[in-house]
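Chemist: No sequence on hand, only this structure:
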């Protein structure tokens, strides 16, 4: 099962790399949009998680 | 090809501008809000904290209101191409129709199908499955924009097609060239990310409203934090892509970039200033006053220090030979249509690249027929046609500047907001919160100005250098156009009233009234180390 999962992940990685190479070459701004949007979502989400961490730590200090 | 009534052309343009600008009030919010919902739901799925589910559901409701009216106003535009712009559709339908059809069949259907699952699937789907649906809605809405902008880019920078003198229309050569048209790429990313900015300020503004009123504080502070970070990166991206688009215009649409910069004469690098404010006079072809920043224009546009940018006067003069050549092309085309002689076809092919300039001259030809221009009148027709190649400089210049000034304001607003949110000092800065609240409509305005810059700047063409706008409209009567224009105005006024009423109503009600278990208070597990209950 683990091997199957690893193979699946490896296949996804290969497909992603091929996609990156093709789109990065033919449509650099389309590629930038994909990468940029993922980054914007991750940074925004990280900000929310940081907010929770800040709230938790301030509550711990109050306790 | 008979010309139509100029009043009908102006009314057709006005109606399309009205419906497009109106539709575009809803589009940016849809493009950005879907990805913001995806970001909120991602945090919910990863952390299990219910407040993020409440956030996704509440902002999702506001998205739903916007989406419904956005769709309704978008559909009318697709019909307008056939009803009001049938000459254009006949000439360019092969090119324009393909991305438009893909938009409808692939992106719009995908978006509409998954929107239902997103709204009603919270209790029916597993958390990861629902998250995947939300991402598909976001992807679908942005892919809709992609295909529309691919279609638009093919009008601005027509690549991947050729004109067929037998069918008298542009025909498809390469689908790949159309999709990967550099103008389409940069325009799509610029527009999509401008939507992210609109959505970020929308969420930030309403969250600021709650913080100011002391309502739903935890909910609002989290929404504000996510929106501020979402917005600051998006604003940087939108400015970067704006620069790319400017460079594209410099290379492919020199009249547009010269109009954007109010540049009547070819620039003198490296001193040439970037004009901050001026009063361009289209009739006299000069600026009445200018305030500029020296040494900025050349590197800003050309990314070099010593390359001159051609001015509008010089572009107008350079059009003279192309107009003459275009008259040859159109005359040969007309003869070929009647006789099918190979010699006429050969003459046409020799001048084919300037055909659009020949069409442009028809307005000044006797009986609107370029074949009827006597040799003695040719110079006069060419001189009269030359100014026609220029767009409205005043409109293009100011639409661009208002967009740029607003983008710089958003950058400052998001940067300060993100900093204060990260420091948890938002509540002390009431002025900033008020600014955020009152700035909600500004990104929508900025995108409208961007659209005006792009579309006014490419005049007098519907298909750049190929088909003039005045030859693109349908042959309706003036009364028909006035009737349909009045109808759209009344209908759309009702739509906007409904949209604003619903938006204000649901925004004022806030998340508590929408099935959330908590607004100000949060369940105990929120601050606990163990994951949320499985039911959530």
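Modeler: Noted; the coordinates are in hand. Note that the coordinates shown come from a computational prediction; the quantities given were computed from them, not determined experimentally. Numbers count the residues shown, from 1 in each chain, chains lettered A, B, ... in the order given.
Chemist: So for chain B, the centremost residue is which one?
Modeler: Geometric centre of chain B, nearest residue: residue B:451, 4.4 Å, by CA atoms, centre = their mean.
Chemist: what sits against it?
Modeler: Residue B:451 makes contact with B:20, B:21, B:24, according to CB atoms under 8 Å, 6 or more residues apart in numbering or on different chains. Any C-beta I mention is one placed from the backbone N, CA and C, and that applies to glycine too.
Chemist: what about the closest residue to the first one other than its chain neighbours, helix or strand, and which?
Modeler: Setting aside the residues directly before and after it, residue B:20 is nearest to residue B:77 in space (CB to CB, 6 or more residues apart in numbering or on different chains), at 6.3 Å. In this structure, residue B:77 sits in helix B:50-83 according to DSSP states H and E.
Chemist: Distance from the next helix-or-strand element following that helix to the middle of the chain?
Modeler: Using DSSP H and E, the helix or strand that follows helix B:50-83 in sequence is helix B:86-102. Its chain's C-alpha centre and that of helix B:86-102 lie 19 Å apart, by CA atoms, centre = their mean, to the nearest Å.
Chemist: List the buried residues for helix B:86-102?
Modeler: Buried residues in helix B:86-102, counting neighbours by 16 or more other CB atoms under 10 Å in any protein chain shown, are found at B:86-96, B:98-100, B:102.
Chemist: What is the next helix or strand after that helix packed up against?
Modeler: Using DSSP H and E, the next helix or strand after helix B:86-102 towards the C-terminus is helix B:109-120. If contacts are counted by 3 or more CB pairs under 8 Å, 6 or more residues apart in numbering or on different chains; DSSP states H and E, helix B:109-120 sits against helix B:50-83, helix B:127-156.
Chemist: how close does residue B:249 get to residue B:230?
Modeler: 28 Å (CB to CB, to the nearest Å).
Chemist: higher neighbour count, these two?
Modeler: More neighbours surround residue B:230 than the other of residue B:249 and residue B:230, with 30 against 26 (other CB atoms under 10 Å in any protein chain shown).
Chemist: any idea how far that one lies from chain A?
Modeler: From residue B:230 across to chain A, the span is 4 Å (CB to the nearest CB, to the nearest Å).
Chemist: Pretty sure residue B:198 is one of the things that residue touches, is it not?
Modeler: No - using CB atoms under 8 Å, residue B:230 is not in contact with residue B:198, being 11.0 Å away.
Chemist: who touches both of the two?
Modeler: Common neighbours of residue B:230 and residue B:198, using CB under 8 Å, 6+ apart, are residue B:32.
Chemist: Which parts of chain A are helices?
Modeler: A:2-26, A:28-62 (DSSP state H).
Chemist: mind checking which of those helices is nearest chain B?
Modeler: Closest to chain B of the helices of chain A, according to CB to the nearest CB: helix A:28-62, at 3.8 Å.
Chemist: What angle do helix A:2-26 and that closest one make with each other?
Modeler: Helix A:28-62 and helix A:2-26 are oriented at 130 degrees to each other (axes from the mean of the first three to the mean of the last three CA atoms, to 10 degrees).
Chemist: Give me the helices and strands touching helix A:28-62, please.
Modeler: Short answer (3+ CB pairs under 8 Å, 6+ apart): helix A:28-62 packs on helix A:2-26, helix B:27-47, helix B:182-213, helix B:217-252, helix B:393-422.
Chemist: Could you dump the ones you listed into CSV and include distance to residue B:272 and mean pLDDT?
Modeler: Output for those, formatted as CSV (distance: least, CB to CB, whole Å; pLDDT from 0 to 100):
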stretch, distance to residue B:272, mean pLDDT
helix A:2-26, 35, 85
helix B:27-47, 33, 92
helix B:182-213, 24, 92
helix B:217-252, 13, 91
helix B:393-422, 15, 94
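Chemist: for those helices, which one sits closest to residue B:481?
Modeler: Nearest to residue B:481 among those is helix B:393-422; the distance by CB to CB comes to 21.4 Å.
Chemist: Buried residues, that closest one. List them.
Modeler: B:393-404, B:406-407, B:409-411, B:413-414, B:416-418, B:420-422.
Chemist: and these near chain A, which?
Modeler: Residues of the buried residues of helix B:393-422 in contact with chain A (CB under 8 Å from any CB of the partner chain): B:418, B:421, B:422.
Chemist: just those residues now: which is nearest residue B:314?
Modeler: residue B:418 (44.8 Å).
Chemist: doesn't residue B:230 make contact with that closest one?
Modeler: No - Residue B:418 is not in contact with residue B:230 according to CB under 8 Å; the separation is 9.4 Å.
Chemist: how close does residue B:183 get to residue B:384?
Modeler: Applying CB to CB, the value for residue B:183 to residue B:384 is 31 Å.
Chemist: And those two? Which one has more around it.
Modeler: Neighbour tally, residue B:183 and residue B:384, criterion other CB under 10 Å: the higher count belongs to residue B:183, 26 against 15.
Chemist: show me what contacts the more buried one?
Modeler: Here residue B:183 is in contact with B:153, B:156, B:157, B:245, B:248, B:252 (CB under 8 Å, 6+ apart).
Chemist: From the rest of the structure, what touches stretch A:24-31?
Modeler: Under CB under 8 Å, 6+ apart, the answer for stretch A:24-31 is A:20, A:23, B:176, B:179, B:180, B:182, B:185, B:186, B:188, B:189, B:241, B:244.
Chemist: in that stretch, what counts as buried?
Modeler: By 16+ other CB under 10 Å, the buried positions in stretch A:24-31 come out as A:27, A:28, A:29, A:30, A:31.
Chemist: Distance check, residue B:69 against residue B:115.
Modeler: Separation of residue B:69 from residue B:115 (CB to CB) stands at 14 Å.
Chemist: related to what we said a few turns ago, of the ones next to chain A among the buried residues of helix B:393-422, which is the nearest to residue B:359?
Modeler: The closest of those to residue B:359 turns out to be residue B:418 (CB to CB; 51.0 Å).
Chemist: For that closest one, which non-adjacent residue is spatially closest?
Modeler: Take residue B:418 and drop its neighbours on the chain: the residue closest to it by CB to CB, 6+ apart is residue B:228, 4.0 Å away.
Chemist: can you count the residues close to the one you found?
Modeler: Neighbours of residue B:228 under the rule other CB under 10 Å: 28.
Chemist: Residue B:417 is in contact with that one, correct?
Modeler: Yes - the pair residue B:228 / residue B:417 is scored as a contact, 4.2 Å apart, by CB under 8 Å.
Chemist: How about the residues of the stretch 201-350 of chain B by chain A?
Modeler: Going by CB under 8 Å from any CB, the residues of the stretch 201-350 of chain B near chain A are B:218, B:221-222, B:225-230, B:233-234, B:237, B:241, B:244.
Chemist: so which of the residues you listed is the most crowded?
Modeler: Going by other CB under 10 Å, residue B:227 tops these with 32 neighbours.
Chemist: Next up, the contacts around it.
Modeler: Residue B:227 makes contact with A:44, B:36, B:199, B:200, B:201, B:202, B:203, B:204, B:207 under the criterion CB under 8 Å, 6+ apart.
Chemist: Pick the one among the residues you listed closest to residue B:312.
Modeler: Closest to residue B:312 out of those is residue B:201 (35.1 Å), distances taken as CB to CB.
Chemist: How many residues are close by that closest one?
Modeler: Using other CB under 10 Å, residue B:201 is surrounded by 32 other residues.
Chemist: just to revisit the earlier point, pretty sure the residue nearest to residue B:20 sits against residue B:19.
Modeler: Yes - the criterion here is CB under 8 Å, and residue B:77 meets it with residue B:19 at 5.4 Å.
Chemist: Looking at those two, which is more packed in?
Modeler: For residue B:77 and residue B:19, the more surrounded residue by other CB under 10 Å is residue B:19, and the numbers stand at 21 against 15.
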